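> below is the sequence, then the predicted model.
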Amino acid sequence: MLLVLAASSYRKDVLSGSAGVTLADLPRIAHEELGLRGLVAPTDFLRGADLRDLDAFRDASDKASCPVLTLIESEAHPLGIEGVEQAMTSIDRLDRVLTAAHRLGCSSAAMSIAGPATDVAMELAAKRMRPLATRAERLDLSLLIAPMKGLTETPERATDLIKKVGGFRIGSMPDFQAAAASEDPVAYLRRLSPYAPVVSASTVKFNKAGVHDAYDLEVCAEGLRSVGYDGAVALDYRGSGDVTKGLARSKELFERLLMGAES
């Protein structure tokens, strides 16, 4: 199992520029300050970037021995909603996301699909995603579905969409916070993690004793352990305060809950 950094943890610092942290700094921070061995990055960090910028980010990642594993599209796309023009715009945008992921040397690209929880929306989304899955396969990328409210809110519907799109390079990117909000977090992660090369291990709030009290992370960890998950675990601190400290606490906790289970 590989612990990596979710670059989105530093969203406020990177996008505002007020803390002096740039996108190119994150691989070094991940590797040298946190002891992590890779990162996943959101597309909004790359807004306005050209090929030279993408190459510079990849070079910084290579230099820090901290590769970019997954590019995550920051906006949900309405592929499960009627509307040809909107769908074509989304497909064009997602094709560019795949191209950028390939340029960065990623092994996968993740996206959220908006739409109602209906069979019609399921068929519509699957039809629109198949060309993207084919494109991803040609680029040697896995196309990951990050569940969201509506069409892919439940693990059953998310896996149904994966199966309907079909192919060997289609999977999921489940999230601990979403799992914790479900009726059965263990079942949620047990259902989705076998399709996931990377899981978002989101954390929100630690108390003064260093205990995560926003939701039960031990339950989330059990969901992964129960299926023998051995992919990447992206530490995604979404709370306030010192981000690096929050990530360090997350790392310590998940090393005990997940990595310790392997020893």
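Done, it's in.
> verify the stated contact: Val97 with Leu71.
Yes: between Val97 and Leu71 there is a contact under CB atoms under 8 Å: 6.3 Å. Just so you know, the C-beta spots here come from the backbone N, C-alpha and C atoms, and that holds for glycine as well.
> list residues touching both of those two?
Counting by CB atoms under 8 Å, 6 or more residues apart in numbering, the shared contacts of Val97 and Leu71 are Thr43, Ala109.
> quick one: which of those two has more around it?
Set Val97 next to Leu71 and count neighbours by other CB atoms under 10 Å: Leu71 wins out with 29 against 24.
> who's in contact with the more buried one?
With CB under 8 Å, 6+ apart, Leu71 has these contacts: Val40, Ala41, Pro42, Thr43, Val97, Ala100, Ala101, Leu104, Cys106, Ser108, Ala109, Ala110.
> return the member of the residues you listed nearest to Phe168.
Nearest to Phe168 out of these is Ser108 (CB to CB; 12.7 Å).
> mind checking how far the closest one is from Arg93?
17 Å (CB to CB, to the nearest Å).
> please apply the same query to Met111.
Taking CB to CB, one finds Met111 at 9 Å from Arg93.
> which one of these two is surrounded by more residues?
Met111 (26 against 14).
> how about that one: what's its closest non-neighbour residue?
Glu73 (4.2 Å; CB to CB, 6 or more residues apart in numbering).
> surely the one you found and Leu94 touch.
Yes: using CB under 8 Å, Glu73 is in contact with Leu94, at 6.6 Å.
> now list whatever residues contact both of these two.
Met111.
> which is the next helix or strand following the helix or strand of the chain with the lowest mean pLDDT?
In the chain, the helix or strand scored least confidently by mean pLDDT, DSSP states H and E is helix 11-16, which has a mean of 90. Next in sequence after helix 11-16, counting helices and strands by DSSP states H and E, comes helix 26-28.
> so which elements touch that following helix?
strand 39-42, helix 51-63 (3 or more CB pairs under 8 Å, 6 or more residues apart in numbering; DSSP states H and E).
> ok, residues contacting that helix?
Helix 26-28 is contacted by residues Leu5, Ala7, Tyr10, Val14, Leu39, Ala41, Ala60, Ser61, Lys63, Ala64, Cys66, Val68 when judged by CB under 8 Å, 6+ apart.
> about what we covered before: got CSV for the contacts of Leu71, with pLDDT and distance to Met148 too?
Below are the contacts of Leu71 laid out as CSV (pLDDT from 0 to 100; distance: CB to CB, whole Å):
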residue, pLDDT, distance to Met148
Val40, 98, 17
Ala41, 97, 19
Pro42, 97, 15
Thr43, 97, 16
Val97, 97, 16
Ala100, 97, 21
Ala101, 98, 20
Leu104, 98, 24
Cys106, 98, 21
Ser108, 98, 17
Ala109, 98, 16
Ala110, 98, 11
